[in-house]
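J.: generate a structure from the sequence data that follows.
(one chain, ligands or ions: 2)
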Amino acid sequence: MPNSKRSELEYLELFFGKSLTGKTARMLHEVRRQPRLVVVDPKCSQLVSLAGFDHVWPEYVPGKRGGWTGEQNPVNYFRGRTGKFRVVIHVREHLPEQLNSLCLLLRAVRNVTLAVDELGLFIPSGAAAALPSSILSAMISGSHEGLIFCGTAQIPSLVHFIARSNASRIRWFRTTEINSLSAAKSYMPRAFADSLPSLPDYVCIETSDAHAAFRDESMVGKIHLISRNNNARALPAVQTEKTDS
Ligand SMILES: Nc1ncnc2c1ncn2[C@@H]1O[C@H](COP(=O)(O)OP(=O)(O)O)[C@@H](O)[C@H]1O
Ligand SMILES: [Mg+2]
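T.: Ligands and ions are numbered 1, 2, ... in the order given. This next block holds a predicted model:
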């Protein structure tokens with residue numbers, strides 16, 4: 001039943017699993033119909049030339065008096081913006097600070113879907129106090145501002161427990177990592193947790209508040225949004241030039 005009747009996006013969705021199991025592609029697939037969509041890209045490789053999106057490369061100055069600077073400031077991108085948009089924000093450093101600033105900014109933008117790739121790079125795991133305040137509020141009460149929050153991560157234990165415990169849906173792709181497997185056991189029946197190390201690519205176990213866990217093979221071979229062989233860390237200056245190397 002859940003395979004045939006695709007449900008709406010929940011307000012906080014996570015995608016866990018090993019590298020190359022299909023997390024990022026699946027996340028992009030799930031958010032594809034969102035009219036106002038912000039993708040945050042810390043790897044600056046496979047999403048650099050994602051078609052159909054605007055691309056913003058902010059510069060960030062750390063520290064008390066710091067913040068975004070220069071032309072590619074996300075504040076400029078969102079200023080006065082109404083209607084539909086799709087943008088990838090490529091962030092290279094100061095990741096927690098930049099995601100926190102973005103969450104603050106998006107509260108004012110409202111009605112937006114925020115899809116963060118490799119979320120574990122942005123949000124410190126550990127004590128509740130370590131989660132930057134605007135990220136925290138986007139995750140636990142963002143739905144009041146019309147914010148939908150999605151994120152991928154290779155290892156659930158590296159994603160802050162507040163994010164995990166507030167997730168309304170998690171898609172678990174293949175993993176052999178011991179902490180991930182033990183985390184999974186509190187979300188799904190034993191047999192599903194035991195299947196995680198041998199799940200084929202692009203297959204996941206979906207867990208959610210709304211229904212029993214199930215194995216989802218429905219998207220195998222069906223997502224072609226991003227290319228496999230693009231590992232080069234492209235620089236902003238060359239992003240518009242196609243260089244074959
Ligand atoms: N459902 C799918 N069907 C076909 N190809 C897929 C599917 N999901 C992902 N891929 C391809 O597999 C590769 C790895 O996927 P990706 O989403 O980047 O994995 P991850 O984010 O887990 O590292 C990409 O080239 C992607 O296009
Ligand atoms: Mg990925």
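
J.: what is the burial count for residue 160?
T.: With neighbours defined by other Cβ atoms under 10 Å, the count for residue 160 comes to 24. Just so you know, the C-beta spots here come from the backbone N, C-alpha and C atoms, and that holds for glycine as well.

J.: contacting residues around it?
T.: 123-126, 130-131 (Cβ atoms under 8 Å, 6 or more residues apart in numbering).

J.: now do residue 214 against residue 95, distance only.
T.: 33 Å (Cβ to Cβ, to the nearest Å).

J.: same question, residue 198
T.: 32 Å.

J.: what parts of the chain come near ligand 1?
T.: 17, 19-25, 46, 152, 202, 219-223, 226-228 (Cβ under 6 Å from any ligand atom).

J.: and the residues you listed, which are buried?
T.: 17, 21-25, 46, 152, 202, 219, 223, 226 (16 or more other Cβ atoms under 10 Å).

J.: who's more crowded, residue 198 and residue 95?
T.: Regarding residue 198 and residue 95, a neighbour count based on other Cβ under 10 Å identifies residue 95 as having more, with 19 against 9.

J.: assess the claim that that one and residue 42 are in contact.
T.: Yes. Applying Cβ atoms under 8 Å, one finds residue 95 in contact with residue 42, separated by 5.6 Å.

J.: shared neighbours, the two?
T.: 121-122.

J.: average pLDDT across stretch 193-207?
T.: Average pLDDT, stretch 193-207: 98.

J.: and it, which residues are buried?
T.: Result for stretch 193-207 [16+ other Cβ under 10 Å]: buried residues 193, 195-196, 199, 202-207.

J.: got these as a markdown table, with secondary structure and distance to residue 164 columns?
T.: What follows is those, written out as a markdown table (DSSP: H, G, I helix; E, B strand; the rest coil; distance: Cβ to Cβ, whole Å):
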| residue | secondary structure | distance to residue 164 |
| --- | --- | --- |
| 193 | helix | 15 |
| 195 | helix | 20 |
| 196 | helix | 16 |
| 199 | coil | 19 |
| 202 | coil | 22 |
| 203 | coil | 21 |
| 204 | strand | 16 |
| 205 | strand | 15 |
| 206 | strand | 15 |
| 207 | strand | 11 |
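
J.: residue 55 bridge partners, please.
T.: residue 88 (DSSP bridges).

J.: now for residue 214, how many residues are close by?
T.: Neighbour tally, residue 214, other Cβ under 10 Å: 15.

J.: residue 81: what's it in contact with?
T.: Contact analysis of residue 81 by Cβ under 8 Å, 6+ apart lists residue 109.
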